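Trainee: quick check, what structure comes out for this input:
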Amino acid sequence: MKIWITRHGQTALNKQKLMQGLTDEPLNETGIQQAKEAKKKIGDIHFDAVYASPLQRAIQTASIIGNVDQKDVKIDSRIIEVDFGDYELRNYFKLGLKMTSYWAFPELLPNPKSVESVKSMVKRSQSFLKELEKKNYENVLIVCHGGIIRSLCGYLEDRKNGIKWRPKPNNCEIRVYESNRGKHTFIETFK
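Mentor: Numbers count the residues shown, from 1 in each chain. Reported below is the predicted structural model:
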């Protein structure tokens, strides 16, 4: 099975450099264009299933890249973005030392009180992928968010801590993996 993973297109909050976890923000015009360009780059791939987090920005992106109606996108809350708690809607550059340090080194530092832990994020993303790998799909598209993509890729790259923290996933950048009987191989990235 080929697993195609992408981050949603740009939103107004992304453009304003604000932390956007569970806030349900739609794509802006740039985000819609990014999704259309990503679709062009991968060509006429037929996806047996298209999954997205329950947030509008992911569903809209999934519909465009997956070439399906929004009602046909499979919604799964396990791939929703990290809950940033008290840091939600704060400017990236004004998060303070505790959150900035945690977000830079989450495997080393404790999460701030109101912020979802990396352990929780890894657990739910691995649950999603393990269930997905039992399906008989040839190509599957997963559209989610910058935080959760790090744990999806961490699992697919067999990282000990379950996280691939860098490089940061860009909007509508697509990472492709092969999953075959529990073995995972990175194939390519469409930027």
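
Trainee: and Gln10, how far from Gln34?
Mentor: Per CB to CB, to the nearest Å, Gln10 is found 6 Å from Gln34. Every C-beta, even on glycine, is put in place using the N, C-alpha and C of the backbone.

Trainee: cool, and Asn180?
Mentor: Distance from Asn180 to Gln34, by CB to CB: 30 Å.

Trainee: which residues does the helix or strand bottoming out on mean pLDDT in the chain contact?
Mentor: The helix or strand of the chain with the poorest confidence is helix 97-104; it has a mean of 82 (mean pLDDT, DSSP states H and E). Under the criterion CB atoms under 8 Å, 6 or more residues apart in numbering, residues Tyr87, Leu95, Leu109, Pro110, Asn111, Pro112, Val115 lie in contact with helix 97-104.

Trainee: save those residues as TSV, and put in secondary structure and pLDDT too.
Mentor: Output for these, formatted as TSV (DSSP: H, G, I helix; E, B strand; the rest coil; pLDDT from 0 to 100):
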residue	secondary structure	pLDDT
Tyr87	helix	88
Leu95	coil	85
Leu109	coil	85
Pro110	coil	86
Asn111	coil	86
Pro112	coil	88
Val115	coil	92
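
Trainee: only the buried subset of the residues you listed, as a PyMOL command please.
Mentor: Selection of the buried residues among the contacts of helix 97-104 in PyMOL, burial being defined by 16 or more other CB atoms under 10 Å:
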select buried, resi 87+95+111+112+115
